[in-house]
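> Generate coordinates for the sequence data below:
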Amino acid sequence: MSTADTEIASAGQAALDVRHHILSVLVENKPGVLARVAGLFARRGFNIFSLAVAPTDEPTLSRITIVVDVRSTPLEQVTKQLDKLINVVQIDELAPEASVERELMIVTVTVDAASRPELLALTEEYSGVVLDEAADRITVSLGGVPDALDAFTARMGSAVVAYQRTGRIALPRIAP
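Predicted structure coming up:
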């Protein structure tokens, strides 16, 4: 486990768990399914914190990973509404302690000659990769648990020019 993963393992995760829950929704890989799922959330006033969609190893299925804000809506109500959609095959709630989750972030930061070595060391500490460099800016890619990405951007502070994050993806942990 990297320093960054250790750093965030205990900090902030408990607060996130109370508010957000991860749903892994297996759906038929057909046009319009994502629109129907998103439409259901919009019609019911459910808040989506994060959303990621990708095909699975089975070409006829896709997995939608939805991070739901449960302060606004009970999780049971969300899953009951999702289960009513015809293209939904399976819904699994992924408890944070029983799942592996990751996000990807690309971030551009300003640097000067003095701060460049520190940024490169921090990028290495967080297992990041430099994607693009100029004299005064560097763009890096990082993948990890959401709190680690938050910690990286916090440590970079006002040097952050812009960043973009993917939605969270998650799978159940493999039982020992």
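> all strands for the protein, in order.
Listed in chain order, the strands of the chain (DSSP state E) span 20-28, 48-55, 61-69, 88-94, 99-110, 129-133, 137-144, 160-165, 169-172.
> most tightly surrounded among the ones you listed?
Comparing the strands of the chain by mean neighbour count (mean count of other CB atoms under 10 Å), strand 61-69 comes out on top with a mean of 21. Heads up, the C-betas are built off the backbone N, CA and C, glycines and all.
> Let me see the residues that make contact with that one.
Contact partners of strand 61-69, identified using CB atoms under 8 Å, 6 or more residues apart in numbering, comprise 19-29, 33-34, 37, 46-56, 75, 78, 89, 167-170.
> repeat that with 6 Å
20-27, 29, 47-53, 55-56, 78, 168-170 (CB atoms under 6 Å, 6 or more residues apart in numbering).
> Quick one: distance of it to the chain centre.
Strand 61-69 sits 11 Å away from the centroid of its parent chain (CA atoms, centre = their mean, to the nearest Å).
> Could you export it as CSV, CA atoms only?
Below are the C-alpha coordinates for strand 61-69, written out as CSV (Å, rounded to 0.1, in the frame of the first residue of the first chain):
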residue,chain,number,x,y,z
LEU,A,61,-24.2,-6.6,-20.7
SER,A,62,-22.8,-3.3,-19.3
ARG,A,63,-22.1,-2.4,-15.7
ILE,A,64,-23.3,1.0,-14.4
THR,A,65,-21.5,2.0,-11.2
ILE,A,66,-23.6,4.6,-9.4
VAL,A,67,-22.5,6.4,-6.2
VAL,A,68,-25.8,7.5,-4.6
ASP,A,69,-26.2,10.3,-2.0
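> how much does that strand deviate in direction from strand 20-28?
For strand 61-69 and strand 20-28, the angle between their directions (axes from the mean of the first three to the mean of the last three CA atoms, to 10 degrees) works out to 160 degrees.
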